[in-house]
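Student: Here's my sequence, what's the structure:
(one chain, ligands or ions: 1)
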Amino acid sequence: MTSTSTSEVVKPKFAVRTFGCQMNEHDSERLSALLVADGMQPTDDLADADVIVFNTCCIRENADNRLYGNLGRLKALRAAKPHLKIAVGGCLAQKDRERIVERAPHVDVVFGTHNLGRAPQLLRQAALAGGGPIVEIMDAPDPQGAPAEPPALRQTPYAAWVTIQTGCNNSCAFCIVPSVRGPEISRPFSEIVKEVQSLARRGVVEVTLLGQNVNSYGRDLTKRRPLFADLLRAVGSVEGISRVRFTSPHPKDLRPETIAAMAETPAVCEQLHLPLQSGSDRVLARMRRGYTAARYLERLEAARRAIEDLSVTTDIIVGFPGETEEDFAATLDVVSLAGYDSAYTFVFSPRPGTRAAAMEDQFIDPEVVADRFERLRVVVERCALSRHQQRVGKVEEVLVEGPSRRDATVLCGRTRQGKIVHFVPDGDMSAIIPGTLALVRVTSAAPHYLRGNLECIVELPRYRRRIPVAAAG
Ligand code: SF4
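Tutor: The predicted structure is shown next:
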């Protein structure tokens with residue numbers, strides 16, 4: 001989509017907005033790389049863009065509402081800039097193509113989860129054709145399309161997401177993912193390791209392995225069926241990679257081999273996101289989660305025994321159809337026993353097309369749900385604060401992300417346990433650039449973050465080794 005003037009090539013600009021999970025964020029990075037390869041340049045400013053792509057998620061109702069709200073706001077921009085092209089891709093587009101076209105007729109291109117690699121071509125077609133929207137949704141990955149993992153335009157030079165698997169073979173009653181992302185497809189083992197090696201050569205020190213159910217990685221590979229544990233060990237031994245994270249494992253598939261690989265591979269961070277969803281066996285069965293609360297706690301306990309200083313986070317749904325006070329009390333019990341470092345809590349919202357949306361006992365008084373949600377929040381925060389307070393006085397290794405968004409005089413970064421730390425550097429703050437590994441002494445704790453003081457720099461980013469470190473003293 002490159003246009004030429006008499007003396008210079010003016011590259012059209014694109015902006016990508018993401019509504020959803022880390023998988024979506026990473027898809028947006030891949031999409032951005034494809035658009036750059038197609039001769040465009042990125043911009044953050046929607047008003048300045050010639051192409052706007054919304055990459056969507058449909059797991060929560062909130063993501064739908066945000067998408068349609070944002071699309072509505074683009075109408076005026078489109079009227080002022082008739083050449084502007086608007087595309088919607090991702091899970092919501094895969095599921096709701098007709099609705100998008102109906103509710104937002106100013107959208108030019110709709111593409112799904114299986115043909116992200118075709119987005120540049122579809123946008124070109126739309127630019128040439130004008131008129132009605134181009135809608136292309138595939139039921140399975142495009143065999144003729146872009147490679148399974150096209151290169152990504154990474155948001156940070158020191159940390160990267162790496163997709164290891166797409167789709168999901170489970171059938172959780174509340175979840176739309178299997179019907180929009182399709183069955184599990186694992187990327188070849190060697191391809192993933194090569195990508196991580198290449199990232200490490202470019203200065204990346206932290207990778208997060210992404211999949212809907214990472215524990216089942218490799219089951220569908222025919223030649224050799226590597227375990228997720230094998231992948232953790234291989235990625236963790238790549239030279240230059242000092243932190244490996246992953247999301248998300250399904251509790252029913254958390255194997256002893258995975259726990260052992262986490263414990264024995266120094267680069268694998270002491271962090272486990274283990275979605276509970278409910279602490280009631282009755283609700284878990286209706287959710288089709290495949291474990292009981294006792295089984296969940298057993299696996300968590302096994303992980304805690306094997307991995308020193310493990311931080312554990314979770315997801316919990318409040319107000320699932322038919323949830324009684326007794327069911328909710330069971331959730332509170334498990335939350336207290338599990339001792340989470342933090343929890344993502346959600347009020348149930350029925351997603352059309354899921355089993356849960358068709359359950360008859362949908363209605364729970366919204367006031368009751370709000371009250372349960374608040375009681376859960378209090379227990380989660382109390383637990384998180386207590387876990388964080390245990391860290392006060394300790395020295396944590398922090399991967400610096402940059403100045404805090406709230407206070408530019410303070411730096412922020414993450415510990416190996418994934419905890420956000422705000423800390424005050426001595427001296428020249430600008431010398432401690434994102435990607436620096438620093439040691440920070442924790443001085444105080446809040447439920448969602450820690451505060452501390454810089455002790456020393458451990459390592460500067462490899463892409464900026466020669467920068468003098470005035471603040472390191
Ligand atoms: S494991 Fe369950 S919640 Fe997770 S993506 Fe698969 S179906 Fe959805």
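
Student: going forward, measure contacts and count neighbours with C-alpha atoms only.
Tutor: Noted.

Student: Tally up the residues packed near residue 446, please.
Tutor: 15 (other C-alpha atoms under 10 Å).

Student: by contact count, what packs against the strand or helix carrying residue 367?
Tutor: Per DSSP states H and E, residue 367 falls inside helix 366-389. Here helix 366-389 touches strand 311-318, helix 325-338, strand 342-347, strand 437-445, going by 3 or more C-alpha pairs under 8 Å, 6 or more residues apart in numbering; DSSP states H and E.

Student: Report the buried residues of it.
Tutor: 369, 372-373, 376-377, 379-389 (16 or more other C-alpha atoms under 10 Å).

Student: Tell me which two of the residues you listed sit farthest apart.
Tutor: Largest separation among the buried residues of helix 366-389 by C-alpha to C-alpha: 369 and 389, giving 29.9 Å.

Student: What average pLDDT does stretch 131-143 get?
Tutor: Averaging the model's pLDDT scores along stretch 131-143 yields 81.

Student: same check, this time on stretch 273-290
Tutor: 98.

Student: now swap in stretch 33-43 and tell me
Tutor: 94.

Student: can you list contacts of that stretch?
Tutor: By C-alpha atoms under 8 Å, 6 or more residues apart in numbering, the residues outside stretch 33-43 that reach it are 1-2, 11-15, 32, 49, 117, 120, 150-153.

Student: Now which of those residues would you call buried?
Tutor: 1, 11-15, 32, 49, 117, 120, 152-153.

Student: still on that earlier bit, which ones among the contacts of stretch 33-43 map onto helices?
Tutor: 32, 120 (DSSP state H).

Student: which two from the contacts of stretch 33-43 end up farthest apart in space?
Tutor: Among the contacts of stretch 33-43, 49 and 150 lie farthest apart (C-alpha to C-alpha), at 23.0 Å.

Student: which stretches of the stretch 51-200 of the chain form strands?
Tutor: Using DSSP state E, counting those that start in this stretch, the strands of the stretch 51-200 of the chain run over 51-56, 85-90, 109-111, 134-136, 159-163, 165-166, 185-186.

Student: of all those, which lies closest to the ligand?
Tutor: Proximity to the ligand (C-alpha to the nearest ligand atom) singles out strand 165-166 among the strands of the stretch 51-200 of the chain, at 9.5 Å.

Student: Strand partners (parallel or antiparallel) of the closest one?
Tutor: strand 185-186 (antiparallel) (DSSP bridges).

Student: what about the strand it pairs with, distance to the chain center?
Tutor: 18 Å (C-alpha atoms, centre = their mean, to the nearest Å).

Student: Could I get the average pLDDT for that strand?
Tutor: pLDDT averaged over strand 185-186 gives 93.

Student: For the residue in the stretch 1-150 of the chain positioned nearest to the ligand, give its distance to residue 81.
Tutor: Residue nearest to the ligand within the stretch 1-150 of the chain (C-alpha to the nearest ligand atom): residue 59, separated by 8.5 Å. Computed as C-alpha to C-alpha, to the nearest Å, the residue 59 to residue 81 distance reads 32 Å.

Student: Next: residue 378.
Tutor: From residue 378 to residue 81 the distance is 48 Å (C-alpha to C-alpha).

Student: on that earlier part again, give me the more crowded residue out of residue 59 and residue 81.
Tutor: residue 59 (19 against 14).

Student: Start and end of stretch 92-101, how far apart?
Tutor: So stretch 92-101: terminal residues 12 Å apart, C-alpha to C-alpha.

Student: Could I get the full set of helices for the stretch 151-300 of the chain?
Tutor: 177-181, 189-201, 228-236, 256-264, 281-287, 293-306 (DSSP state H, counting those that start in this stretch).

Student: which neighbours does the helix or strand just after the helix holding residue 367 have in its sheet, and in what orientation?
Tutor: The helix or strand immediately downstream of helix 366-389 is strand 395-403, counting by DSSP H and E. Taking DSSP bridges as the criterion, strand 395-403 forms sheet pairs with strand 411-414 (antiparallel), strand 437-445 (antiparallel).

Student: which one of those lies closest to residue 204?
Tutor: Nearest to residue 204 among the strands paired with strand 395-403 is strand 437-445; the distance by C-alpha to C-alpha comes to 12.0 Å.

Student: what angle do the closest one and helix 366-389 make?
Tutor: 120 degrees (axes from the mean of the first three to the mean of the last three C-alpha atoms, to 10 degrees).

Student: Packing partners of the helix or strand following strand 437-445?
Tutor: Once the chain leaves strand 437-445, the next helix or strand it forms, by DSSP H and E, is strand 450-459. Secondary-structure packing of strand 450-459 (3+ C-alpha pairs under 8 Å, 6+ apart): strand 420-424, strand 437-445.

Student: Out of those, which is the most enclosed?
Tutor: strand 420-424 (a mean of 23; mean count of other C-alpha atoms under 10 Å).

Student: tell me how far that one is from the chain's mean position?
Tutor: 22 Å.

Student: by how many degrees do that strand and strand 450-459 diverge?
Tutor: Going by the same axes, to 10 degrees, strand 420-424 makes 80 degrees with strand 450-459.
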